[in-house]
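Novice: Quick one: sequence and predicted model below, then my questions.
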Amino acid sequence: MEFFKFALENNSEGRDKLPCPCYICHNLMYHKADVILNHLSKRQFDRTYTCWHRHVEKREEISSKDAQGHNTDEGNELEDMTSQFVHRVDDDLNVTEEMLSDSEKPLYEGCKYTKLSASLKLYSLKEGHSWTDKSFTTLLEFLIDVLPSDNVFPKNTYRAKKNIMYNGFKLMYSDPVDVEKLTWHKFGLKKDGLLRHPADSPQWRFINGQFPEFGSEERNLHLGLSTDGNDIDVYLAPLIDDLKLLWEEGVEVFDANRNEMFNLRAMLFCTIQDYPAYGNLSSYYVKGEGGCPICEDGWKGKWLSASRKTVYYDHRPFIPLDHKYYAYRKECVDSLIGTLLNISGKTKDGVNARLDLKEMNMRNELNAVETGKRDYFPLAAYTLSKKEKVELCASLAGV
């Protein structure tokens, strides 16, 4: 057999076991030569394995694409991700059963794609073309509807991510070099008082102190969640279930650096989001009178009846007045210029603002003057004439 001869001739490392290219093993399982021969005599050769790169043949660009530029070697992407992991665990079926389930299960009867390879292919298209999660879910729903009824396509974006994620956790530890990077905070951290890594933070030390069993295993993961809050309710509930599983039970993972299995646990260490999403993630009310999660009842906002919004006094109360961050933001400068030039839609000096000042008993000289026929608002001290506005603009242009 041409393939078998090629594989043996290129086994320069003299490995006892090689990846088996039968359609069931799919180059994910490693066997001795006689076992591979037995498999190939009973089973078909994996038809997606057109370039024998698992057995040292050089993969040319033309070999994986047809004349139209379409990918004809879909199995390679999945194999690239999983070969190291499976090679190290060899015949331990308990270890690879979960991963192989998705990588062997056809998307539907007779389909060349598996559940995992289809998820990887579609998700790479999503990322490459900047599809939103919502549009991707809509596409998945359509594909599920048009494909045969026995298809096992993930139902939404979250399920597709989850399908890839659990295999990804295992693959993170399949490379000894990557494992060393994942444990750098334990063995490579410089303790010089500087904050260059989350492990330098008081929060990291506090968590490890509160949960010493978790902190003593340096391979456990401290995860970060970043979200803009869009459609967060769709994903938050199942995400919490997954985080609970990773925290309470963990998943069995093979450590290629130490050549051993261990129970990997993970925790949500920090989140990055805007203020509204912070409320969704923490279940804290970030609107209304008590909108500050730090001050809580110690810092009350005030409702403005005319403007119909809550405002908060004493911005940045924890920063000294001479601090470099205690400065005007762009939005503040825009509002200031808009008010000075009386730009419609930009000025903060309008009817509602004057009515709110009256309600708060502030700047009474700016209250409306009743003349009997028509009320009018007095000009404020900062009101500029047309000539003064031109001079201000010229001055700003010259800065």
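Specialist: Okay, I see it.

Novice: Could you list the domains of the chain?
Specialist: Per automatic domain parsing, the structural domains of the chain span 1-73, 173-282, 328-397.

Novice: From Lys105, how far off is the residue lying closest to Asp133 once chain neighbours are set aside?
Specialist: Using Cβ to Cβ, 6 or more residues apart in numbering and skipping the chain neighbours, the partner closest in space to Asp133 is Thr157 (4.3 Å). Any C-beta I mention is one placed from the backbone N, CA and C, and that applies to glycine too. Using Cβ to Cβ, to the nearest Å, Thr157 is found at 20 Å from Lys105.

Novice: more crowded one of the two?
Specialist: Thr157 (24 against 13; other Cβ atoms under 10 Å).

Novice: Can you tell me, leaving aside adjacent residues, what's nearest to Ala199?
Specialist: Spatially, and ignoring its direct neighbours in sequence, Ala199 is nearest to His185 (3.8 Å; Cβ to Cβ, 6+ apart).

Novice: What is the neighbour count of that neighbour?
Specialist: 15.

Novice: Check the gap between Phe187 and Leu396 for me.
Specialist: With Cβ to Cβ as the criterion, Phe187 and Leu396 are 55 Å apart.

Novice: Equivalent analysis for Glu388, please.
Specialist: Distance of Glu388 to Leu396, given as Cβ to Cβ: 13 Å.

Novice: who has more neighbours, the two?
Specialist: Each of Glu388 and Leu396 has its neighbours counted (other Cβ under 10 Å); Glu388 has more, 12 against 9.

Novice: quick one: what helix or strand has that one in it?
Specialist: helix 386-397 (DSSP states H and E).

Novice: pull the CA atoms of that helix into CSV?
Specialist: Output in CSV follows, covering the C-alpha atoms of helix 386-397 (Å, rounded to 0.1, in the frame of the first residue of the first chain):
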residue,chain,number,x,y,z
LYS,A,386,-22.6,87.0,17.7
LYS,A,387,-19.3,88.9,17.7
GLU,A,388,-18.1,87.2,20.9
LYS,A,389,-18.9,83.8,19.4
VAL,A,390,-16.8,84.5,16.3
GLU,A,391,-13.9,85.6,18.5
LEU,A,392,-14.2,82.5,20.7
CYS,A,393,-14.2,80.2,17.6
ALA,A,394,-11.2,82.0,16.2
SER,A,395,-9.4,81.7,19.5
LEU,A,396,-10.1,78.0,19.7
ALA,A,397,-9.0,77.4,16.1
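
Novice: sorry, back to before: list the residues that contact the residue nearest to Asp133.
Specialist: Residues near Thr157 by Cβ atoms under 8 Å, 6 or more residues apart in numbering: Lys126, Asp133, Lys134, Phe136, Thr137, Leu140, Tyr235.

Novice: low pLDDT regions in the stretch 151-300 of the chain?
Specialist: Low-confidence segments of the stretch 151-300 of the chain (pLDDT under 70): 162-168, 170-171, 228-238.

Novice: need the helices for it, in chain order.
Specialist: 157-172, 176-182, 184-187, 202-210, 212-215, 232-248, 275-282 (DSSP state H, counting those that start in this stretch).

Novice: Tell me the gap between the last one and the middle of its chain.
Specialist: Meaning helix 275-282. 16 Å (Cα atoms, centre = their mean, to the nearest Å).

Novice: Fine by me, we can end here.
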